[in-house]
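S.K.: Predicted coordinates and the sequence they were generated for:
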Amino acid sequence: MATRTVRENVFDKPDAPESYVRNGIRKDVKPAKPKAGTGTPKGSTSKVEVETPPVPEARLFKSWNHLTTGAEASVYLGDCRTLLPTIPEVKRSTLDLVFADPPFNWSRGYDEWNDKMPERAYLDFTFDWIDLCVNGLRPGGSLWINIPDDWAAEIVCYLKGRLDRKPPALMAMQNWCAWHYRFGQNAVERFINSKVHALYFIKIGREHTWNPQEVLEESDRRAIYGDLRTESKKDGMPPGMRVPMDVWYGKFWGRVQGNNKERRHYHDNQLPEVYLERVVRACSNAGDTVLDPFLGSGTTGVVAHALGRKFIGCEFSEQNATNAVERMKAGPIRLGASIGQSSAIFEQRRVPRVPRKKSPAAD
């Protein structure tokens with residue numbers, strides 16, 4: 001196993017044991033006893049040696065063009081912290097959209113990645129890849145991060161510049177959304193987790209891309225109450241439609257598991273296509289460049305490439321990269337499935353009324 005030196009994090013307490021967090025529960029990691037004459041001197045907290053798996057050689061894995069849209073897709077193999085500084089679009093700061101769904105440090109059994117880092121090592125890893133993505137964005141570019149409760153607050157504070165360590169560019173928080181799903185992991189000692197945070201930041205410096213008309217849903221006023229007021233809107237949106245709220249749920253929004261048609265059985269942490277479609281449509285245009293530094297099962301690439309975006313993905317595992325490329329070439333299953341649909345949680349209570357037409361005045 002290789003080792004790397006990790007900077008001490010602002011959240012660390014000098015006398016705190018190394019630990020990791022999963023589903024809101026902190027678990028201590030007992031350090032291995034160093035061999036005689038090795039290890040960190042007693043009382044030193046400036047560095048920690050963390051065992052990591054061997055890093056695969058960073059390289060371009062696959063590159064091709066979409067058969068219909070002609071959009072280019074490139075998948076790189078290796079650690080994104082090594083890959084990103086070498087990718088031309090990142091070096092030129094021309095990325096329009098970055099969507100990141102990083103490992104959560106939940107001790108998942110990934111085939112190659114170490115998903116059980118000490119807390120401060122994981123936070124430094126997180127801030128390192130965020131810095132590279134922020135640098136790669138154009139001014140006005142969008143950054144989305146899919147992250148659980150365990151790390152959301154730290155990431156928000158970091159990107160808002162409220163920690164000792166600062167991001168490389170000013171970022172404005174646009175939304176703190178939540179992806180809500182049913183069938184959260186069962187628990188009896190606390191409330192069951194049934195959400196993941198979707199953090200949306202914009203790099204300050206230029207106008208950002210925002211296409212609300214591409215992701216509209218039916219308003220509750222129409223879907224439930226048949227309210228005529230929503231048929232004569234003055235906000236520029238079509239009658240009966242609205243911009244989605246910041247809690248995302250509904251048909252096809254659940255966890256991808258069981259016999260879900262989208263499910264890739266080799267991957268246990270797969271996002272639904274409707275989630276990525278909303279992000280990609282709202283925050284980029286056809287021809288824009290979209291990056292996912294943690295390709296995983298390939299959902300971002302599947303959707304972005306099908307929508308005519310130039311896509312760049314980074315993946316640590318060669319097996320995941322192979323499967324993701326295969327999936328991207330096959331294309332999405334539910335493209336457009338949630339557009340214009342209602343997310344109302346109540347059944348229709350009133351049939352929409354049709355306004356009466358005034359009869360012509362008598363001559």
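M.R.: In hand now; what should we look at? Residues are numbered from 1 along each chain as shown.
S.K.: ok, now which ones touch the most centrally placed residue in the chain?
M.R.: The residue lying closest to the centre of the chain (Cα atoms, centre = their mean) is Asn146, at 3.3 Å. Taking Cβ atoms under 8 Å, 6 or more residues apart in numbering as the criterion, Asn146 is in contact with Phe99, Ala100, Asp101, Pro102, Trp179, Val196, His197, Ala198, Leu271. C-beta: built from backbone N, CA, C; applies to glycine.
S.K.: Let's see that with 7 Å instead.
M.R.: Going by Cβ atoms under 7 Å, 6 or more residues apart in numbering, Asn146 touches Ala100, Asp101, Val196, Ala198, Leu271.
S.K.: now swap in Val75 and tell me
M.R.: Counting by Cβ under 7 Å, 6+ apart, Val75 makes contact with Phe61, Lys62, Leu295, Gly313, Glu315, Ala321, Ala324, Val325.
S.K.: any idea which of the contacts of Asn146 is closest to Val215?
M.R.: Of all those, Ala198 has the smallest distance to Val215: 13.2 Å, by Cβ to Cβ.
S.K.: can you pull out the helices in the stretch 151-300 of the chain?
M.R.: 220-223, 273-283, 299-306 (DSSP state H, counting those that start in this stretch).
S.K.: Return the shortest one as CSV; C-alpha atoms alone will do.
M.R.: Only the C-alpha atoms of helix 220-223 are listed here, as CSV (Å, rounded to 0.1, in the frame of the first residue of the first chain):
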residue,chain,number,x,y,z
ASP,A,220,-49.8,22.1,-7.5
ARG,A,221,-52.5,24.7,-8.1
ARG,A,222,-53.3,23.1,-11.4
ALA,A,223,-52.6,19.4,-10.5
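S.K.: For that helix, give the mean pLDDT please.
M.R.: Averaging pLDDT along helix 220-223 yields 79.
S.K.: re earlier: three-state assignment of the residue nearest to the centre of the chain?
M.R.: Of the three states, Asn146 takes strand according to DSSP: H, G, I helix; E, B strand; the rest coil.
S.K.: Next, the contact list for the closest residue to it other than its chain neighbours, please.
M.R.: Of all residues not flanking Asn146 in the chain, Asp101 sits nearest, at 4.2 Å (Cβ to Cβ, 6 or more residues apart in numbering). Residues in contact with Asp101, defined by Cβ under 7 Å, 6+ apart, are Asn146, Leu271, Phe294, Gly296.
S.K.: Look at the first one and report its pLDDT.
M.R.: So that's Asn146. If you check Asn146, the pLDDT there is 96.
S.K.: what is it paired to in the beta sheet?
M.R.: Ala198 (DSSP bridges).
S.K.: Quick check: Ala337 touching Pro272?
M.R.: No. If you go by Cβ atoms under 7 Å, Ala337 and Pro272 don't touch, sitting 9.4 Å apart.
S.K.: Pick out whichever of these two has more residues nearby.
M.R.: Neighbours were counted for Ala337 and for Pro272 using other Cβ atoms under 10 Å; Pro272 has more, 22 against 16.
S.K.: For Val247, see how far away the more buried one is.
M.R.: 15 Å (Cβ to Cβ, to the nearest Å).
S.K.: Identify the residue spatially nearest to Lys160, adjacent ones excluded.
M.R.: Lys160's closest residue in space is Met173 (Cβ to Cβ, 6+ apart), at 6.5 Å.
S.K.: Please report how far that neighbour lies from Tyr200.
M.R.: If you go by Cβ to Cβ, the gap between Met173 and Tyr200 works out to 7 Å.
S.K.: ranges for the strands of the stretch 51-200 of the chain?
M.R.: All strands of the stretch 51-200 of the chain, identified by DSSP state E, counting those that start in this stretch, fall at 59-65, 72-77, 95-100, 137-147, 171-180, 195-203.
S.K.: Any chance of a markdown table for these, columns distance to Pro212?
M.R.: Below are those laid out as a markdown table (distance: least, Cβ to Cβ, whole Å):
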| stretch | distance to Pro212 |
| --- | --- |
| strand 59-65 | 30 |
| strand 72-77 | 27 |
| strand 95-100 | 15 |
| strand 137-147 | 14 |
| strand 171-180 | 12 |
| strand 195-203 | 13 |
